[in-house]
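Visitor: turn this into a structure:
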Amino acid sequence: MELRQLEQFIAVAEELSFTRAARRLHVVQSGVSAAIRSLERELGSALFERTSQQVRLTGAGAALLPEARATLHAAQAARDAVREAQDTLRGTVNVGAMASVEVVDLPALLGQLHARHPAVDVRLRLATTGSAGLAHALLSGDLDVAFLSLPEHRPAGIDARELTTVPLVPVVSASHPLAQREKVALADLAGEPFVDFPPGYGNREVVDRAFAAAGVVRRVALEVPDIAMGADMVRHGLGIAFLPPFALARTSGLHVLDVPGSVLRWGMHLGTSSTRRPSSALRALLDLVDLHVIAL
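Guide: Numbers count the residues shown, from 1 in each chain. As a prediction, this is how the structure comes out:
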């Protein structure tokens, strides 16, 4: 069994396509197919179910996937140890983050990492399924580190350090009738349409918990995966939203409601795997994070 075979197996397992896996690895598809067939012969088991329309992992393939990832991580750690001895830091760091969330100055962080260690490659993935998706990618080994929001009961297998907390304030358009009132109760918002993130995003969970604790039912009329877009939706009168202050600073035409007792806090975390040893490249990035946390 070769590391190259495991790398190609992982690519097919993640893409569920031999064509996309070959494109991702910059090799010909026939080479990927041959490597998988060779691996299956060696292991004595089919790893994929192949039809003309889809590729799926078999039970054996699903069992092999986490072990294959762990093997590649171990091989990378061995390479890192040699490179550290040579005073040349190399490697790849897979970073996950949330779009439009200004907690860490990512360009500055990655720029400083590149300046210190130009041979370290960074692959940045912006969340399309929220913090829940980032946490899943950390657990599966797709990501090495993520900037995300975790619930109070954090998933097993993830080490998380809180970087900061951000208040979430209720906001309407400046022309909304509620903008004329000095104070508004949380129950007064129950009949209003809300603009919010989809389930799986940390800020959505914070707001959902607050309304559930107050026994108030709300209606989320629009789900958007981007804070800037959500602020624009509110500005155009499409609903109420709970937004962080940095969204208000860059969007005009918004009014913050005074809702006594509705101070919500949205925690931002630095997450890494608690079961995999961090590579030297990842440790180099982690050493720089605190220098680039944005004061909110």
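
Visitor: ok, then the element right after the lengthiest strand in the chain?
Guide: Counting by DSSP state E, the longest strand found in the chain is strand 158-173. Next helix or strand after strand 158-173 toward the C-terminus (DSSP states H and E): strand 193-196.

Visitor: about what we covered before: buried stuff in the longest strand of the chain?
Guide: Buried residues in strand 158-173, defined by neighbour count with 16 or more other CB atoms under 10 Å: Ile158, Ala160, Leu163, Val166, Leu168, Val169, Pro170, Val171, Val172, Ser173. For every residue, glycine as well, the C-beta is placed using N, CA and C.

Visitor: what's the local residue count around the residue nearest to Leu106 when sequence neighbours are not counted?
Guide: Leaving aside its chain neighbours, Leu106 sits nearest to Ala97 (6.1 Å; criterion: CB to CB, 6 or more residues apart in numbering). Counted with other CB atoms under 10 Å, residues neighbouring Ala97 total 19.

Visitor: from what I see, Ala97 and Asp105 are in contact.
Guide: No. Ala97 lies out of contact with Asp105 (CB atoms under 8 Å); the separation is 11.3 Å.

Visitor: any chance of the buried residues of strand 158-173 in JSON lines with pLDDT and distance to Leu6 as columns?
Guide: Output for the buried residues of strand 158-173, formatted as JSON lines (pLDDT from 0 to 100; distance: CB to CB, whole Å):
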{"residue": "Ile158", "pLDDT": "92", "distance to Leu6": "24"}
{"residue": "Ala160", "pLDDT": "91", "distance to Leu6": "29"}
{"residue": "Leu163", "pLDDT": "92", "distance to Leu6": "34"}
{"residue": "Val166", "pLDDT": "87", "distance to Leu6": "40"}
{"residue": "Leu168", "pLDDT": "91", "distance to Leu6": "43"}
{"residue": "Val169", "pLDDT": "91", "distance to Leu6": "49"}
{"residue": "Pro170", "pLDDT": "92", "distance to Leu6": "50"}
{"residue": "Val171", "pLDDT": "93", "distance to Leu6": "49"}
{"residue": "Val172", "pLDDT": "94", "distance to Leu6": "53"}
{"residue": "Ser173", "pLDDT": "94", "distance to Leu6": "54"}
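
Visitor: which one of those residues sits closest to Ser38?
Guide: Closest approach to Ser38 among the buried residues of strand 158-173 (CB to CB): Ile158, at 34.9 Å.

Visitor: isn't that closest one right up against Thr275?
Guide: No. Between Ile158 and Thr275 there is no contact under CB under 8 Å: 9.1 Å.

Visitor: just the strands in the stretch 101-250 of the chain please.
Guide: Assigned by DSSP state E, counting those that start in this stretch, the strands in the stretch 101-250 of the chain fall at 120-126, 145-148, 158-173, 193-196, 219-223, 241-243.

Visitor: which helices and strands does the helix or strand where Ala77 lies pack with?
Guide: Secondary structure from DSSP H and E places Ala77 in helix 59-85. Judged by 3 or more CB pairs under 8 Å, 6 or more residues apart in numbering; DSSP states H and E, the packing partners of helix 59-85 are helix 3-15, strand 91-97, helix 280-286.

Visitor: which neighbouring elements make contact with the second one?
Guide: Counting contacts by 3+ CB pairs under 8 Å, 6+ apart, the secondary-structure elements packed against strand 91-97 are helix 59-85, helix 106-116, strand 120-126, helix 130-140, strand 145-148, helix 280-286.
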